[in-house]
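Engineer: What would the 3D arrangement of this be:
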Amino acid sequence: MNPLKLLLNNFNISCDAPIQYQYTFQDPATPMFEGTLYLHDIIWTFLVFIVFFVSWMLFRILVVFKENANQKVVPITQNMALEVVWTMTPALILCIIAGNSISHLYSAEEALTPSMDVVITGNQWFWTYEFMAFTNKITFESHLIAEDDLVMGELRNLEVDNPLIVPVETNIRLIVNSNDVIHSWAVPSLGIKIDAVPGRTNTGSLYVKREGRYYGQCSEICGKSHALMPIVVVATNQIQYLTYLHYMYMEDSIADNYTTNLSSIQKNIF
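Structural biologist: Got it, this is the predicted structure:
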């Protein structure tokens with residue numbers, strides 16, 4: 001493939017991959033992560049107000065207040081109205097934060113009717129994905145691309161040979177488990193993190209609002225190659241996704257070398 005074309009295909013205006021010296025969140029691509037950022041902004045707004053108010057009070061006490069110049073009693077002690085204000089104000093702030101937190105947690109656990117299921121299995125040290133392509137079950141592995149095999153525009157230690165392709169604006173149920181040790185399937189831009197525990201199945205919902213290429217990594221220390229277990233999710237429109245399913249169905253139906261052809265199929269479509 002033309003390196004310039006690959007570079008343009010991987011370039012996104014949105015921040016969907018980590019960048020150098022990044023200290024903020026990646027851009028949200030799901031309603032869940034949008035809610036998380038909203039809650040974060042609310043808490044920070046109150047935090048900034050509290051820091052400035054407490055700092056101003058300390059400045060007044062330590063610098064402005066002079067004991068010898070303040071012999072007159074000021075009626076700020078045993079003041080019922082003042083005590084009500086400084087008791088109710090923090091309580092009101094906590095109620096606002098708690099209300100938004102609880103509603104966000106409930107929405108995160110809400111079980112929507114899924115249009116498709118994706119089974120994700122953690123292995124040492126790669127991911128296995130399973131989903132249905134019409135009447136056939138498609139299974140493939142996703143491995144890290146070695147640094148020597150990267151081309152222009154690809155990200156070191158984040159690119160995989162077979163990314164997970166999902167459609168946008170679709171309710172997707174993720175079913176996550178593990179074959180060996182505890183892993184964690186986490187993609188920051190999608191606002192999702194699901195632990196993969198041996199002998200247990202965890203589920204999560206995914207609804208991607210915009211097309212893009214999203215990067216994540218295993219967020220549990222799962223062994224010596226923990227840092228080399230990346231996740232790539234490509235969200236595409238419905239037409240491209242149906243074309244992708246068609247190719248998956250045909251390859252799985254007529255050939256046994258489907259796994260070796262998977263990367264070329266994805267590159268030709270996307």
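Engineer: and residue 53, which of the three is it?
Structural biologist: helix (DSSP: H, G, I helix; E, B strand; the rest coil).
Engineer: From residue 60, how far off is it?
Structural biologist: The spacing between residue 53 and residue 60, counted by CB to CB, to the nearest Å, is 11 Å. In this view, the C-beta of every residue, glycine as well, is placed from N, C-alpha and C.
Engineer: Tell me who's in contact with residue 175.
Structural biologist: Contact analysis of residue 175 by CB atoms under 8 Å, 6 or more residues apart in numbering lists 117, 118, 119, 120, 201, 202, 203.
Engineer: Neighbour count added to those, as CSV?
Structural biologist: Shown next, in CSV, are these (neighbours: other CB atoms under 10 Å):
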residue, neighbour count
117, 13
118, 19
119, 17
120, 23
201, 11
202, 16
203, 14
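Engineer: Give me the distance between the helix or strand that residue 239 is a member of and the centre of its chain.
Structural biologist: Assignment of secondary structure by DSSP states H and E places residue 239 within helix 238-254. Centroid separation for helix 238-254 versus its chain: 27 Å, with CA atoms, centre = their mean, to the nearest Å.
Engineer: buried set for it?
Structural biologist: Within helix 238-254, the residues that count as buried by 16 or more other CB atoms under 10 Å are 240, 241, 243, 244, 245, 247, 248, 249, 251, 252.
Engineer: Would you check the residues you listed and say which has the weakest pLDDT?
Structural biologist: In terms of pLDDT, the lowest of these is residue 252, showing 61.
Engineer: what's the helix holding residue 239 packed up against?
Structural biologist: strand 126-133, strand 136-142, strand 164-167, helix 258-269 (3 or more CB pairs under 8 Å, 6 or more residues apart in numbering; DSSP states H and E).
Engineer: And what about residue 21, helix, strand or coil?
Structural biologist: Applying three-state DSSP: residue 21 is coil.
Engineer: how about the helices of this structure, start to end?
Structural biologist: 3-10, 31-59, 80-108, 238-254, 258-269 (DSSP state H).
Engineer: sorry, back to before: using PDB, write down the CA coordinates of the helix holding residue 239.
Structural biologist: The C-alpha trace of helix 238-254 is given here as PDB (Å, rounded to 0.1, in the frame of the first residue of the first chain):
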ATOM      1  CA  GLN A 238     -22.700   0.800   7.900                       C
ATOM      2  CA  ILE A 239     -22.000   0.200   4.200                       C
ATOM      3  CA  GLN A 240     -18.300  -0.400   4.700                       C
ATOM      4  CA  TYR A 241     -19.000  -2.700   7.600                       C
ATOM      5  CA  LEU A 242     -21.500  -4.800   5.600                       C
ATOM      6  CA  THR A 243     -18.900  -5.000   2.800                       C
ATOM      7  CA  TYR A 244     -16.400  -6.200   5.400                       C
ATOM      8  CA  LEU A 245     -18.800  -8.800   6.700                       C
ATOM      9  CA  HIS A 246     -19.400 -10.000   3.200                       C
ATOM     10  CA  TYR A 247     -15.700 -10.600   2.600                       C
ATOM     11  CA  MET A 248     -15.400 -12.300   6.000                       C
ATOM     12  CA  TYR A 249     -18.300 -14.600   5.100                       C
ATOM     13  CA  MET A 250     -16.900 -15.500   1.700                       C
ATOM     14  CA  GLU A 251     -13.400 -16.100   2.900                       C
ATOM     15  CA  ASP A 252     -14.500 -18.200   5.800                       C
ATOM     16  CA  SER A 253     -16.800 -20.200   3.500                       C
ATOM     17  CA  ILE A 254     -14.500 -21.100   0.700                       C
END
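Engineer: now the angle from it to strand 126-133?
Structural biologist: Between the axes of helix 238-254 and strand 126-133, defined by axes from the mean of the first three to the mean of the last three CA atoms, to 10 degrees, the angle is 100 degrees.
Engineer: Could you check the angle helix 238-254 makes with strand 136-142?
Structural biologist: Going by the same axes, to 10 degrees, helix 238-254 makes 100 degrees with strand 136-142.
Engineer: Compute the number of surrounding residues for residue 54.
Structural biologist: Residue 54: 10 surrounding residues under other CB atoms under 10 Å.
Engineer: which ones are touching it?
Structural biologist: By CB under 8 Å, 6+ apart, residue 54 has no neighbours at all.
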